[in-house]
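Participant: okay, here's the prediction I keep looking at, along with the sequence it came from:
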Amino acid sequence: MEKRAILAALLMAGLLMVYQLLVVKPSQTPPTPPKEAAPVSSPVESPRPVVSPPVPLKEPVAVPERKADVKTPLYSAVVNSLGGRFDQWDLIYRGLKPMIVSGELGPLGLTVSRNGGRAQRLAFALSPDTLGLGQETRRGELTLVGDDGFGLHMTEIMHFDADSYAVVHDIKVENRNTVAQSVEIGLSLVTPVEWPKGTEPKFQGQHPTRAVKLVGGSAHREDLTKLATFRGTGEWIGLESEWYLNALVPKSPGMQLIEAKESHTRQGADKPIEVAEVGVRATISGLEPGSVWEGRVLTYAGPKEYGRLRALGSDLYKSIYFGGFPIPQAYGGLPMEWLAVPILMVMDFFYAHIGNYGVAIILLTVITKVLFFPLTIKSMTSMKAMQALQPQVNAMRSKFKNDPQRLQQETMALYRTHKVNPLGGCLPMVVQIPIFYALYVSLSVSVELQSQPFICFGHIFGVDVWICDLAAHDPTYVLPLLMGASMFIQQKMTPVMGDPRQAKMMLFMPVVFTFMFLNLPAGLVLYWTLSNVLQIAQQKYIERISKKPEVGKLEKGPRVPKKA
């Protein structure tokens, strides 16, 4: 802790390592299934119904397959009458982003199964054929009606909103048979565990990498390659990438969440393909003749915008992984959400009034530096005082090099004489670290930065010039080089204490950090570069206002006797 530059470099390196561990690869602790929900071997299996299935009354009426187009300001979708599944869901968000890949990624639609048999989709009658929402019509719905041939009459009404990526599914099951019936209905999402070659994502985050569910108020994530069979109660379940979420939220009591991984043989494939499935299941047991069962499920397919997810309820916002500050668990940890969310809100506020997230990041960085300027003054003043005493400290080290205990006593006595706190240069900086790390994390997980320009001059030979996407790396690498230069200047200005050879070694750190920042999102590099520049300006200002007589007074302290 003798040298502020060493501490600063180590802290920044620690932040980057923590970022890699906590943000890029969030913890994947599978939850313990609730006591009331016993795990089963497969999500498509259901408990043995209480009542045996009746004899079919008649063959289901053949209903021709139909499709309905849904257009809103936020997305365009196509609903298929077979199970009411979505064949298309293209987000209109920073460009056109398809969330469904036909035959690979997407929802299966409403399924029905009996006696643990394979889930089947009904052929529904669908109306209307088109649904357009906008300024004049804010809400609309599609109605699907079908019969399973055993006397179960099923109705699904999909409610759409022009201002939301969520769809509400109201499901009604009526028993028109003369005997009681038991069935299981469900809605599921599927995705390949590993995508075949030649199926590159069309945008960053299109292919889910994890299954995520909220159980007991806590979000639990699992890599698709490690997905285990699960069935139990919970608030919601879904598939996620870093910036996008496709989730199912049960809104009626008695529904359960399921997770599973299965192998499927597909035409043209050399080997079976592993498919991950997550979904919501409802077991209807002993539905009497003439009785009706009703349930509701909300689906969400869109970006992980904190404000939007929070407004939907059900704690969907917990799908955004902010991580936690690395302090001992014995002290309870420090959830980064407490600090990162206010930072996101401030950044969104600036964007709403300015219209440029790059400028919003700049204003956010300036405000942070201004708020912590008093602590910076204390830190720099303490470092200057320590630097003035350094010759005397070095002399004592030489004198008492064989007596560490005496050296410590004499050094502390020297600090007390001149009223210098050896931790004064470090503690103010330590206080700021959680805030700076929260800034770092909030910019890392912010989907709002995707495809947002800062200073963009267009495209030349397919390359952006200059920063046309704050969520992508700077293709010209100008910003990382500026960051490295600012870091080098900052270190040269830092008061030198301790072994001068260490100071020379620390000058190599800007080179290391420049390479580390080459492929990081431009928004993060912009924040770090500006933070360095403002730190340089603050150090210059502090040097101008520092009182030289006080430094001279420190240098005239009691002399250390020469070595005999």
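Facilitator: That came through fine. Numbers count the residues shown, from 1 in each chain.
Participant: let me see the mean pLDDT of the lengthiest helix in the chain.
Facilitator: For the chain, the longest helix by residue count, based on DSSP state H, is helix 373-399. Mean per-residue pLDDT for helix 373-399: 78.
Participant: again with stretch 507-516
Facilitator: 85.
Participant: buried stuff in it?
Facilitator: By neighbour count on 16 or more other CB atoms under 10 Å, the buried set for stretch 507-516 is 509-510, 513-514, 516. All C-beta atoms are positioned from the backbone trio N, CA, C, and that covers glycine.
Participant: okay, helices next: where are they in the protein?
Facilitator: With DSSP H as the criterion, the chain has helices spanning 4-19, 306-312, 337-354, 357-371, 373-399, 404-417, 427-445, 478-493, 500-506, 509-517, 522-545, 548-555.
Participant: would a markdown table of those with distance to residue 184 be doable?
Facilitator: What follows is those, written out as a markdown table (distance: least, CB to CB, whole Å):
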| stretch | distance to residue 184 |
| --- | --- |
| helix 4-19 | 43 |
| helix 306-312 | 26 |
| helix 337-354 | 36 |
| helix 357-371 | 46 |
| helix 373-399 | 60 |
| helix 404-417 | 72 |
| helix 427-445 | 36 |
| helix 478-493 | 54 |
| helix 500-506 | 64 |
| helix 509-517 | 51 |
| helix 522-545 | 46 |
| helix 548-555 | 79 |
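Participant: any weak-confidence spans in the stretch 1-150 of the chain?
Facilitator: Regions of the stretch 1-150 of the chain meeting the criterion pLDDT under 70 cover residues 1-63.
Participant: let's see that with 80 instead.
Facilitator: Low-confidence segments of the stretch 1-150 of the chain, defined by pLDDT under 80: 1-64, 116-117.
Participant: can you give me the strands in it?
Facilitator: All strands of the stretch 1-150 of the chain, identified by DSSP state E, counting those that start in this stretch, fall at 67-71, 75-80, 86-92, 96-98, 106-113, 120-121, 125-127, 130-132, 139-147.
Participant: sheet-wise, list the partners of the shortest one with their directions.
Facilitator: Using DSSP bridges, the strands paired with strand 120-121 are strand 106-113 (antiparallel).
Participant: in the strand it pairs with, which residues are buried?
Facilitator: 106-113.
Participant: and of the residues you listed, the nearest to residue 448?
Facilitator: Nearest to residue 448 among the buried residues of strand 106-113: residue 106, at 24.9 Å, using CB to CB.
Participant: got a list of what the closest one touches?
Facilitator: Counting by CB atoms under 8 Å, 6 or more residues apart in numbering, residue 106 touches 85-87, 89, 99-100, 189-190.
Participant: who wins for neighbours among those residues?
Facilitator: Of the contacts of residue 106, residue 99 is surrounded by the most neighbours, 26 neighbours in total, counting by other CB atoms under 10 Å.
Participant: how near is it to residue 74?
Facilitator: Distance, residue 99 to residue 74, using CB to CB, to the nearest Å: 12 Å.
Participant: neighbours of the residue nearest to residue 421 when sequence neighbours are not counted, how many?
Facilitator: For residue 421, ignoring the flanking residues on the chain, the nearest one in space by CB to CB, 6 or more residues apart in numbering is residue 382 at 6.2 Å. Neighbour count for residue 382, taken as other CB under 10 Å: 21.
Participant: how close does residue 382 sit to residue 542?
Facilitator: For residue 382, the distance to residue 542 (CB to CB) stands at 11 Å.
Participant: same check on residue 283?
Facilitator: Residue 283 sits 69 Å away from residue 542, going by CB to CB.
Participant: on that earlier part again, save the strands of the stretch 1-150 of the chain as a markdown table, and put in distance to residue 446 too.
Facilitator: Formatted as a markdown table, these follow (distance: least, CB to CB, whole Å):
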| stretch | distance to residue 446 |
| --- | --- |
| strand 67-71 | 28 |
| strand 75-80 | 21 |
| strand 86-92 | 17 |
| strand 96-98 | 16 |
| strand 106-113 | 26 |
| strand 120-121 | 38 |
| strand 125-127 | 38 |
| strand 130-132 | 31 |
| strand 139-147 | 29 |
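Participant: of those strands, which approaches residue 258 most closely?
Facilitator: Across these, closest to residue 258 is strand 106-113 (CB to CB), at 11.6 Å.
Participant: measure how that closest one sits relative to strand 139-147, angle-wise.
Facilitator: Using axes from the mean of the first three to the mean of the last three CA atoms, to 10 degrees, one finds that strand 106-113 and strand 139-147 are set 40 degrees apart in direction.
Participant: tell me the angle strand 106-113 makes with strand 75-80.
Facilitator: Using the same axes, to 10 degrees: strand 106-113 against strand 75-80 is 30 degrees.
Participant: any regions of the stretch 301-450 of the chain where pLDDT drops low?
Facilitator: For the stretch 301-450 of the chain (pLDDT under 80), the answer is 323-336, 375-390, 393-394, 397, 401, 415, 418-440.
Participant: so residue 301 is in contact with residue 89, correct?
Facilitator: Yes: using CB atoms under 8 Å, residue 301 is in contact with residue 89, at 5.3 Å.
Participant: I figured residue 86 hits residue 107, correct?
Facilitator: Yes: in this structure, residue 86 is within contact of residue 107 by CB under 8 Å, at 5.3 Å.
Participant: what's the overlap in contacts for those two?
Facilitator: Residues touching both residue 86 and residue 107 (CB under 8 Å, 6+ apart) are residue 100.
Participant: follow-up on the earlier one: now the common contact residues for residue 301 and residue 89.
Facilitator: With CB under 8 Å, 6+ apart, residue 301 and residue 89 have common neighbours 75, 99.
Participant: and the nearest residue to residue 238 once chain neighbours are set aside, what are its bridge partners?
Facilitator: Spatially, and ignoring its direct neighbours in sequence, residue 238 is nearest to residue 247 (3.1 Å; CB to CB, 6+ apart). Listed by DSSP bridges, the beta-bridge partners for residue 247 are residue 238, residue 300.
Participant: roughly how far does residue 247 sit from residue 448?
Facilitator: 19 Å.
Participant: please apply the same query to residue 79.
Facilitator: Using CB to CB, one gets 29 Å for the distance from residue 79 to residue 448.
Participant: again, but for residue 122
Facilitator: Residue 122 is 40 Å from residue 448, by CB to CB.
Participant: how about residue 521?
Facilitator: Taken as CB to CB, the span from residue 521 to residue 448 is 12 Å.
Participant: neighbour count for the two, which is higher?
Facilitator: Neighbour totals were compared for residue 521 and residue 448, and residue 448 leads with 24 against 20 (other CB under 10 Å).
Participant: I'd say that one and residue 305 touch.
Facilitator: Yes: assessed by CB under 8 Å, residue 448 is found in contact with residue 305 at 6.6 Å.
Participant: so who does the residue lying closest to residue 284 once chain neighbours are set aside touch?
Facilitator: Of all residues not flanking residue 284 in the chain, residue 293 sits nearest, at 5.0 Å (CB to CB, 6+ apart). Taking CB under 8 Å, 6+ apart, we find residue 293 in contact with 172-173, 284, 287.
Participant: okay, now residue 409: neighbour count?
Facilitator: Residue 409: 13 neighbours (other CB under 10 Å).
Participant: what does residue 163 give?
Facilitator: A total of 13 residues lie near residue 163 under the criterion other CB under 10 Å.
Participant: any idea how far residue 134 is from it?
Facilitator: Using CB to CB, one gets 10 Å for the distance from residue 163 to residue 134.
Participant: please apply the same query to residue 124.
Facilitator: According to CB to CB, residue 124 stands 26 Å off from residue 134.
Participant: what does residue 542 give?
Facilitator: In terms of CB to CB, residue 542 sits 56 Å off from residue 134.
Participant: can you check residue 522 too?
Facilitator: Relative to residue 134, residue 522 is positioned 34 Å away (CB to CB).
Participant: looking at these two, which is more packed in?
Facilitator: Set residue 522 next to residue 134 and count neighbours by other CB under 10 Å: residue 522 wins out with 30 against 10.
Participant: assess the claim that that one and residue 466 are in contact.
Facilitator: No: using CB under 8 Å, residue 522 makes no contact with residue 466, being 9.1 Å away.
Participant: overlap in contacts of the two?
Facilitator: Counting by CB under 8 Å, 6+ apart, the contacts common to residue 522 and residue 466 are 454, 474.
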